[in-house]
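Next comes the sequence, and after it the predicted model I'd like to discuss.
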Amino acid sequence: MGDSQYSFSLTTFSPSGKLVQIEHALTAVGSGQTSLGIKAANGVVIATEKKLPSILVDESSVQKIQTLTPNIGVVYSGMGPDFRVLVRKSWKQAEQYHRLYKEPIPVTQLVREIAAVMQEFTQSGGVRPFGVSLLVAGFDDNGPQLYQVDPSGSYFSWKASAMGKNVSNAKTFLEKRYTDDMELDDAVHTSILTLKEGFEGQISGKNIEIGIIGADKQFRVLTPAEIEDYLAEVE
Amino acid sequence: MSIFEYNGSALIAMVGKNCFAIASDRRLGVQLQTIATDFQRIYKIHDRLFLGLSGLATDAQTLYQRLVFRHKLYQLREERDMKPETFASLVSAVLYEKRFGPYFCQPVIAGLGEEDKPFICTMDSIGAKELAKDFVVAGTASESLYGACEAMFKPDMEAEELFETISQALLSSVDRDCLSGWGGHVYVITPTEVKERILKGRMD
């Protein structure tokens, strides 16, 4: 028998109780570029490698970190096109909530909706799971929050987390470095150092992307110049 | 006779100093006949949010049930109570959904928001919100109510004075309206307590 006999169909459990397609989706995530997030006392930072396939690609046109609402941002590891679909759906969910309640959507509610979408694609006919894991960073009335959402639709709140190629080294590094009373600037430095750990080649403002949200509750992606400043501080 | 005047109703909400009051009459009629003299028009959504519904009684009851349902789901999902402003937006959306076959109700929403700031608003039967800083009125007696409130209202009244003012405004206005009256039902809400009182007026 074996699990491989069940790996073709998403909606069939294998004898060992797994949905093999989801395992494969997680493998797709695990071979994607490293991304990480750190929750500080007064904000959240998310970051990712931005390795482009060729030097001819215009790196300013590639945006791996997206803003979902003015106070919630997201980064991914895995398949870029799947990520874009989820971002579009999240934009719509957030706007629908706002239209109904005239209030910005709380981070937990948006994460719950995204996770529900990802779960739908694990229990429907003729579709495949999303090949991305997301790190959602937001700041609302409950303070700074960081959530990871997996292809299966499960979501977890993290103080700090990493995904993608270098996940185990990155997580070990974060476990050592993380403190509960970290400030946002310290968290940015730590995230740069963590990315540096597994980085092949010279790290610069053009081949990583960093997004931060502070007590002002405005999520923004740092410009390459700002990243260079942080890199200089870290050296 | 207009459909809004079929059952008869009178509703007021007034703002005080860190408190608010919401009051209604108690008559339920079928055109000229009085059916009940203890009809409830004001409902509690949660400890700091009250909803009054004037107009057609059947629509008022159904609308209240739908809104309580939505609010209970919200409480389960978000693990918190709805803010009054949020609830007002929800009521407006629910009413507009039925734009071309509306609920024949005029809601009055009153609650304590962030930092115990009182919030009142009313809207028409298709969800046009009207926020006010002092008072809002609704029902068949609304014209008299506007006049009475305008004359009697003062800003920053304490709970007891607010109760007196809203009661006098209500009773004097429903006396000029044959379709509302038979007593009054007044709620005065402060950050620490909710006081519910029944008024005895002209029983006709």
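That came in fine, so what should we check first?

doesn't residue A:143 make contact with residue A:106?
No: judged on CB atoms under 8 Å, residue A:106 makes no contact with residue A:143 at a distance of 11.2 Å. C-beta coordinates here come from the backbone N, C-alpha and C atoms, glycine included.

more neighbours, the two?
The neighbour count for residue A:106 versus residue A:143, taken as other CB atoms under 10 Å in any protein chain shown, is higher for residue A:106 (21 against 14).

what comes up buried for the lengthiest helix in chain A?
Longest helix in chain A, counting residues (DSSP state H): helix A:80-101. By 16 or more other CB atoms under 10 Å in any protein chain shown, the buried positions in helix A:80-101 come out as A:82, A:83, A:86, A:87, A:90, A:93, A:94, A:97, A:100, A:101.

Spell out which residues sit in contact with the residue in chain A positioned nearest to chain B, please.
Closest to chain B within chain A is residue A:102: 4.0 Å, counting by CB to the nearest CB. Residues near residue A:102 by CB atoms under 8 Å, 6 or more residues apart in numbering or on different chains: B:85, B:86, B:89.

Try it again at 7 Å.
residue B:89 (CB atoms under 7 Å, 6 or more residues apart in numbering or on different chains).

got the residues of chain A near chain B?
A:100, A:101, A:102, A:103, A:106, A:109 (CB under 7 Å from any CB of the partner chain).

And the buried residues of helix A:80-101, which two are furthest apart?
A:82 and A:101 (29.0 Å; CB to CB).

on that earlier part again, which outside residues touch the longest helix of chain A?
Contacts of helix A:80-101 (CB under 7 Å, 6+ apart): A:66, A:68-69, A:74, A:76, A:104-105, A:109-110, A:113-114, A:117, A:130-132, A:134, B:86, B:89-90, B:93.

need the helices for chain A, in chain order.
Under DSSP H, chain A gives helices at A:20-30, A:80-101, A:107-120, A:167-177, A:184-197, A:224-234.

Mean pLDDT for the ones you listed - can I get that in TSV?
Below are these laid out as TSV (pLDDT from 0 to 100):
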stretch	mean pLDDT
helix A:20-30	93
helix A:80-101	96
helix A:107-120	96
helix A:167-177	94
helix A:184-197	94
helix A:224-234	93
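
Enumerate every residue touching whatever residue of chain B ends up closest to chain A.
With CB to the nearest CB, the shortest gap between chain B and chain A falls at residue B:89, namely 4.0 Å. Counting by CB under 7 Å, 6+ apart, residue B:89 makes contact with A:100, A:101, A:102.

Same check on residue A:194?
Residue A:194 neighbours (CB under 7 Å, 6+ apart): A:36, A:162, A:170, A:173, A:174.

And those, which of them are buried?
Buried among those by 16+ other CB under 10 Å: A:36, A:162, A:170, A:173, A:174.

The last one and residue A:167, how far apart?
Here the distance between residue A:174 and residue A:167 works out to 10 Å (CB to CB, to the nearest Å).

which SS class is the most centrally placed residue in chain B?
Centroid-nearest residue in chain B, with CA atoms, centre = their mean: residue B:52, separated by 2.9 Å. Here residue B:52 is recorded as strand under DSSP: H, G, I helix; E, B strand; the rest coil.

Check what pLDDT it gets.
Residue B:52 carries a pLDDT value of 97.

Just to check, it is in contact with residue B:42?
Yes: the criterion here is CB atoms under 7 Å, and residue B:52 meets it with residue B:42 at 4.6 Å.

joint contacts of these two?
Common neighbours of residue B:52 and residue B:42 (CB under 7 Å, 6+ apart) are B:22, B:24.

from the buried ones among the contacts of residue A:194, which is closest to residue A:188?
For those, the nearest to residue A:188 is residue A:36 (11.4 Å; CB to CB).

how about that closest one, what does it touch?
Contacts of residue A:36 by CB under 7 Å, 6+ apart are A:47, A:161, A:162, A:170, A:191, A:194, A:195.

Which two among those residues are spaced furthest apart?
A:161 and A:195 (13.4 Å).

So for the two, which residue has more residues nearby?
residue A:195 (25 against 22).

Contact partners for that one?
A:34, A:36, A:47, A:49, A:203, A:208.

Among those residues, which are located in strands?
Among the contacts of residue A:195, DSSP state E puts A:36, A:47, A:49, A:208 in strands.

Could I get the pLDDT score of the last one?
At residue A:208, the pLDDT value in this model is 94.

and what of the second one?
The score at residue A:47 is 96. That number is its pLDDT.

what's across from it in the sheet?
residue A:36, residue A:210 (DSSP bridges).

which residues touch it?
Contacts of residue A:47 by CB under 7 Å, 6+ apart are A:35, A:36, A:191, A:195, A:208, A:209, A:210.

Filter the residues you listed down to the buried ones and hand me the PyMOL line.
Buried subset of these, written as a PyMOL selection, criterion 16+ other CB under 10 Å:
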select buried, chain A and resi 35+36+191+195+208+209+210
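
so which of the contacts of residue A:47 would you say is closest to residue B:58?
Scanning these for proximity to residue B:58, where the rule is CB to CB, the winner is residue A:35, at 55.6 Å.

In space, what's closest to that closest one - neighbours in sequence excluded?
Excluding its sequence neighbours, the residue lying closest to residue A:35 (CB to CB, 6 or more residues apart in numbering or on different chains) is residue A:48, at 3.7 Å.

count of residues packed around that neighbour?
Neighbours of residue A:48 (other CB under 10 Å): 26.

Longest helix in chain B, by number of residues?
From DSSP H, the single longest helix across chain B is helix B:57-78.

now it and helix A:107-120, what's the angle there?
If you take axes from the mean of the first three to the mean of the last three CA atoms, to 10 degrees, helix B:57-78 sits at 90 degrees to helix A:107-120.

So is helix B:57-78 next to chain A?
Yes: using CB under 7 Å from any CB, helix B:57-78 reaches chain A at B:77, B:78.

Centre of the chain to that helix, how far?
The chain centre lies 16 Å from the centre of helix B:57-78; the measure is CA atoms, centre = their mean, to the nearest Å.

what's in contact with it?
Contacts for helix B:57-78 (CB under 7 Å, 6+ apart): A:106, A:109, B:7, B:28, B:41, B:43, B:45, B:51, B:53, B:81-82, B:90-91, B:94, B:103-105.

Now the residue positioned nearest the centre of chain A: closest residue in space that isn't a chain neighbour?
By CA atoms, centre = their mean, chain A has its centre lying nearest to residue A:135, at 2.6 Å. Distances taken as CB to CB, 6+ apart place residue A:37 nearest to residue A:135, at 4.2 Å, with adjacent residues excluded.

how about the one you found, what does it touch?
Applying CB under 7 Å, 6+ apart, the residues contacting residue A:37 are A:44, A:45, A:46, A:135, A:137, A:146, A:158, A:160, A:161.

Restricted to strands, list those residues.
Going by DSSP E, the strands hold A:44, A:45, A:46, A:135, A:137, A:146, A:160, A:161 from those.
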